[in-house]
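Structural data only, the sequence is not supplied:
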Ligand SMILES: N[C@@H](CCC(=O)N[C@@H](CSC=O)C(=O)NCC(=O)O)C(=O)O
């Protein structure tokens, strides 16, 4: 596998890069960004935080607006930001061009329904292929991985961690889709990618996974109370109820006045990275 470097820039003493490769998982080129902090060098292996973005995003949204580099440089964290779907010639999109399905909206599942099953394999990409690329090309300690995400990416972070116990040392989310089986974005995506057998959907729903026995050691979630998607799409109360019943320590921080944007995410990004660093380092 050849990794093509699209750009590198020095930032906060480290290096912010953007890279592209031919993905075996998706059958397309995939682009991602990586920030390597200044602690790299002399054989040091550093903990890795994977950040999964939301609907309509590429790697660029959090890279340009997430304001994570100062904290990662202080804490010695590598920060990886993948794309949210396969893209390119032959990759099918939403038939109506809607923003909530298809390109930019892979939902971090492996599709089983045609025409999406060929390329829409974002779960395999995030869980298997991308970590291999990070391990082979960056000074990463793959025994110390964390995952976080926003909205659709929050759903991705929660479900991939819940379904793969022990894989990530810590998990957090900004405004996650807490129960896709119970919201319009999720019903459309899971139906489109996995088909109409709703029993299959529960393995891709954080709240249902917890109800069905999956566990996390701890969970940090920030949610703005002025988020326009809060009531219809995000429903943190469902996640909160499931965590309470399961005994999962959930820090759900309702943030007054904040919306769904990167102004919200960037405000609390350093809190999340500190929370991950504590769990990545001391365990
Ligand atoms: N109305 C918007 C909807 C898209 C949107 O808000 N996307 C969010 C994530 S929503 C859940 O996954 C986002 O992160 N956008 C990118 C950004 O830089 O803010 C639309 O039509 O675009």
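Thanks, I have the structure now. Treat the numbers as computed from the prediction; the structure is a model and nothing was measured.

how about the residue nearest to the spatial centre of the chain, phi and psi?
Nearest to the geometric centre of the chain sits residue 52, at 2.1 Å (CA atoms, centre = their mean). With angles defined as degrees, to the nearest 10, residue 52 sits at phi -100, psi 130.

Surely it is in contact with residue 148?
Yes: at 7.4 Å, residue 52 counts as touching residue 148 under the criterion of CB atoms under 8 Å. To be clear about C-beta, it is placed using only N, CA and C from the backbone, and glycine gets the same treatment.

what touches both of the two?
154, 157 (CB atoms under 8 Å, 6 or more residues apart in numbering).

how about the residue nearest to the centre of the chain, what does it touch?
82, 84, 108, 126, 147-150, 152-154, 156-157 are the contacts of residue 52 under CB under 8 Å, 6+ apart.

what's the spacing between it and residue 77?
16 Å (CB to CB, to the nearest Å).

go on, residue 183?
Distance, residue 183 to residue 77, using CB to CB: 31 Å.

More neighbours: which of the two?
A direct count of neighbours by other CB atoms under 10 Å for residue 183 and residue 77 places residue 77 higher, at 28 against 21.

Do I have it right that the more buried one meets residue 37?
Yes: using CB under 8 Å, residue 77 makes contact with residue 37 at a distance of 6.3 Å.

Would you mind grabbing the residues shared as contacts by the two?
Common contact partners of residue 77 and residue 37 (CB under 8 Å, 6+ apart): residue 46.

residue with max distance from the center of this protein?
residue 42 (29.7 Å).

if we can go back for a sec, the contacts of residue 52 into CSV, with extra columns for neighbour count, secondary structure and distance to residue 253?
Output for the contacts of residue 52, formatted as CSV (neighbours: other CB atoms under 10 Å; DSSP: H, G, I helix; E, B strand; the rest coil; distance: CB to CB, whole Å):
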residue, neighbour count, secondary structure, distance to residue 253
82, 28, strand, 26
84, 26, coil, 25
108, 25, coil, 23
126, 23, helix, 25
147, 27, strand, 18
148, 31, strand, 14
149, 31, strand, 16
150, 29, strand, 15
152, 30, helix, 20
153, 31, helix, 18
154, 29, helix, 13
156, 32, helix, 20
157, 28, helix, 16
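
pLDDT (mean, whole number) over the helix or strand hosting residue 146?
Using DSSP states H and E, residue 146 maps to strand 140-150. Strand 140-150 shows a mean pLDDT of 98.

Report the strands that pair with it, each with its relative direction.
strand 46-52 (parallel), strand 170-174 (parallel) (DSSP bridges).

As JSON lines, the ones you listed with mean pLDDT would be great.
JSON lines is the format used below for these (pLDDT from 0 to 100):
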{"stretch": "strand 46-52", "mean pLDDT": "98"}
{"stretch": "strand 170-174", "mean pLDDT": "98"}
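
neighbours around residue 146, how many?
Neighbours of residue 146 under the rule other CB under 10 Å: 25.

What distance do you get for it to the ligand?
The gap separating residue 146 from the ligand is 20 Å, by CB to the nearest ligand atom, to the nearest Å.

Dig out what that residue forms beta bridges with.
With DSSP bridges as the rule, residue 146 is bridged to residue 49, residue 170.

hang on, the earlier thing: other residues contacting the strand holding residue 146?
Contacts for strand 140-150 (CB under 8 Å, 6+ apart): 45-54, 62, 78, 131, 134-135, 154-158, 160-161, 167-176, 265, 272, 276, 279-281.

can you list the residues of the stretch 151-283 of the chain near the ligand?
Counting by CB under 6 Å from any ligand atom, the positions of the stretch 151-283 of the chain adjacent to the ligand are 151, 152, 260, 261, 262.

Can I have the buried ones of these as a PyMOL selection?
Per 16 or more other CB atoms under 10 Å, the buried members of those correspond to this PyMOL selection:
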select buried, resi 151+152+260+262
